[in-house]
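Peer 1: I need the structure of the sequence given here:
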Amino acid sequence: MAGAKDNLFGGTAYQPQGEAYFDDGREIELLHFMYAHPHLNDMRGNPQKVLDAIDEYGKTRKYLMNIGEYKSKTVIDLIREEKPKVIVELGGYVGYSAIAFGAALKNIGGNRYYSLEMNPEFAAVISMLVDLAGLSDIVKVVVGPSSDSLKRLFKEGTLNHIDLLFLDHYKPAYTPDLKTCEELGLVSKGSIYAADNVIKPGNPVYLQYVRSTVQEKRQNYLRIDSSSPRGNPDLIYDSQLIEGWEPSGVPDAIEITRCIGIEA
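Peer 2: Okay, the predicted model is just below:
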């Protein structure tokens, strides 16, 4: 596993991604790996040791489409600096980000971390590993399509504002799901969005949207079919690209977007 690729981002890389890289049984295999681990008792209630074991699986067994230890530092630093109360992630997979960011949120006195995951098997893995890490008191796993879950949580009164939105699910859903949050008023001045994988595999539609001016968004707003989320074009965004690395050693980046105001 050693090589030039490992040294680029300061750690040992995950196994190669390959053509089939998720939903082939490896997620359940990860659970068996974790609960048969010789240091299982040390992991209980220790988020970092759980993350280390997940990384161990990714490095020695099979690739996992996690944000990884390198890029996760960008979001953890953001949590420590901004001190959000409520974080919502779209796409939980096996719980790596929920554990890393949920622990950071708990450490700064935050209230709740919602992990929205469409696949019920993945959601079960998240729940078990979150429990293993001792974070069930702050991390809530929500099963279902992200857009439906956002609307349901809002309608129930469970979720009325998002301080930090982490997008790491189906890439074409980034923009419509953000627009749904805008329409519901879940995001407003002070909200921050962290969008993963904007370089690999890339998300030009999302980048164009969050980097557009209010005037550009207003012009496009009139062209959007009413059957699709139209968002709130009046929200003013300041967006920047933070370069990083995939856990496989491939260059990637996170787009950090701040809502800095509303234009009348």
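Peer 1: wait, doesn't P251 sit right on E243?
Peer 2: Yes. Look at P251 against E243 with Cβ atoms under 8 Å: they come within range, at 7.1 Å. The C-beta positions use only the backbone N, C-alpha and C, and glycine is treated the same way.
Peer 1: name the residues contacting each of those two.
Peer 2: Contact criterion Cβ atoms under 8 Å, 6 or more residues apart in numbering; residues bridging P251 and E243 by contacting each: I199.
Peer 1: and the helix or strand harbouring M128, what other elements does it pack with?
Peer 2: With elements taken from DSSP states H and E, the one containing M128 is helix 120-132. Helix 120-132 sits against helix 26-35, helix 47-60, helix 96-107, strand 112-117, strand 139-143, with contacts defined as 3 or more Cβ pairs under 8 Å, 6 or more residues apart in numbering; DSSP states H and E.
Peer 1: flag every buried residue along stretch 77-92.
Peer 2: Within stretch 77-92, the residues scored as buried using 16 or more other Cβ atoms under 10 Å are 78-79, 84, 86-92.
Peer 1: now do that stretch: distance to the chain's middle.
Peer 2: What separates the centre of stretch 77-92 from the centre of its chain is 9 Å, taken as Cα atoms, centre = their mean, to the nearest Å.
Peer 1: next one: stretch 93-109
Peer 2: Distance of stretch 93-109 from the chain centroid (Cα atoms, centre = their mean) equals 10 Å.
Peer 1: where's P84 relative to D55, distance?
Peer 2: Relative to D55, P84 is positioned 25 Å away (criterion: Cβ to Cβ, to the nearest Å).
Peer 1: please, where are all the strands along the stretch 101-250 of the chain?
Peer 2: Applying DSSP state E, counting those that start in this stretch to the stretch 101-250 of the chain gives strands spanning 112-117, 139-143, 164-167, 192-195, 235-245.
Peer 1: between the first one and helix 120-132, how many degrees?
Peer 2: This means strand 112-117. Interaxial angle, strand 112-117 versus helix 120-132 (axes from the mean of the first three to the mean of the last three Cα atoms, to 10 degrees): 150 degrees.
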